[in-house]
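Participant: Sequence unavailable; structure follows:
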């Protein structure tokens, strides 16, 4: 276990700057009565409130690096595009796994596991045709809608197990809780299990704060920036939990570069230091769960950190210029026609 992973005795004066997100009357400490943001380090700000704060985030800057037009579409236009069911399920597994790892308190008071059709025992009835077949065997009327068939069958044979009825009974047994798809539930718990089976990941999650919000004024651009640490230990060692299709060193390196995790690290480090947090180490807890259950812990090397910070500051200055000009152009600022050459693989 490296020295950067173990808890260090460092300057912890920044801890005195942490304040609750809301005062005793429920008023936000991070915002003035006129709606202006207050810089500082805050705990217990709900996720949806954090995302609504009018400040530039790491996600926003990563979107901007694709093009200013992409940032405008995501954060400034009123156009919405829905995710597919597969995308939703994948993202939810990561979201709930993230919650189990970082904020497990009350998880089972908030959610319940849905039953999975493929995991049901033999004899459970799923379709209207299944119900009709049973009614025919009992010599009973077999016309009508599915819910009517289910009620009729249960009156005649209350021992029969009907999938939709089982779902309804489960919901009634869990009032005021949110349903999680059973497959997603299992994925999320495997994510948690993988993290805590790791040698080093649990050490990074010790003695610190989850979902810590930092709001700071950039000393170089004057922009108001925000970030939300997955986990920040009291010795200012940061960690971020990432689900991935490939947790191998090479596979996760590709994901870092593709999704801009290196820029996220630079952004968070910059904001933290602007707020007086002496952050030196930022670890990624990479969790693979779809094809295998694996957790690996990585830190970007010194040369990579230096390069990432340079790129981050370059994007930040570009963002300031574009936002001042209010010209949210696409891939080229001049918007002129261009010649492209085919690759050698064409």
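Facilitator: Yep, it's here. Keep in mind it's a predicted model, so treat the numbers as computed, not measured.
Participant: List the buried residues of the lengthiest helix in the chain.
Facilitator: Counting by DSSP state H, the longest helix found in the chain is helix 302-325. Buried residues in helix 302-325, counted by 16 or more other Cβ atoms under 10 Å: 304-305, 308-309, 312-313, 315-316, 319-320, 322-323. (C-beta placed from N, C-alpha, C; glycine too.)
Participant: cool, and stretch 129-136?
Facilitator: Buried, per 16+ other Cβ under 10 Å, within stretch 129-136: 130-132, 134-135.
Participant: will you turn those residues into CSV that also has secondary structure and distance to residue 113?
Facilitator: CSV is the format used below for the buried residues of stretch 129-136 (DSSP: H, G, I helix; E, B strand; the rest coil; distance: Cβ to Cβ, whole Å):
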residue, secondary structure, distance to residue 113
130, helix, 24
131, helix, 25
132, helix, 30
134, helix, 27
135, helix, 31
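Participant: right, and out of those, which lies closest to residue 193?
Facilitator: Residue 193 has its nearest neighbour among the buried residues of stretch 129-136 in residue 130, at 35.4 Å by Cβ to Cβ.
Participant: Please name the bridge partners of residue 112.
Facilitator: Counting by DSSP bridges, residue 112 forms beta bridges with residue 179.
Participant: Quick one: residues contacting it.
Facilitator: Counting by Cβ atoms under 8 Å, 6 or more residues apart in numbering, residue 112 touches 170, 174, 177-180.
Participant: Tell me which two of the residues you listed sit farthest apart.
Facilitator: 170 and 178, at 12.7 Å, using Cβ to Cβ across the contacts of residue 112.
Participant: Can you lay out the buried residues of helix 302-325 as JSON lines showing distance to residue 193?
Facilitator: Formatted as JSON lines, the buried residues of helix 302-325 follow (distance: Cβ to Cβ, whole Å):
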{"residue": "304", "distance to residue 193": "30"}
{"residue": "305", "distance to residue 193": "31"}
{"residue": "308", "distance to residue 193": "31"}
{"residue": "309", "distance to residue 193": "35"}
{"residue": "312", "distance to residue 193": "34"}
{"residue": "313", "distance to residue 193": "39"}
{"residue": "315", "distance to residue 193": "37"}
{"residue": "316", "distance to residue 193": "38"}
{"residue": "319", "distance to residue 193": "40"}
{"residue": "320", "distance to residue 193": "44"}
{"residue": "322", "distance to residue 193": "44"}
{"residue": "323", "distance to residue 193": "44"}
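Participant: Mark out where each domain of the chain begins and ends.
Facilitator: According to automatic domain parsing, the chain comprises the domains 13-81+198-325, 114-177.
Participant: least reliable of the ones you listed going by mean pLDDT?
Facilitator: Set side by side, the domains of the chain give their lowest mean pLDDT on domain 114-177, at a mean of 87.
Participant: more neighbours, residue 170 and residue 178?
Facilitator: residue 170 (14 against 8; other Cβ atoms under 10 Å).
Participant: so the closest residue to the more buried one other than its chain neighbours, which of the three states?
Facilitator: Distances taken as Cβ to Cβ, 6 or more residues apart in numbering place residue 115 nearest to residue 170, at 6.3 Å, with adjacent residues excluded. At residue 115 the chain is in coil, as set by DSSP: H, G, I helix; E, B strand; the rest coil.
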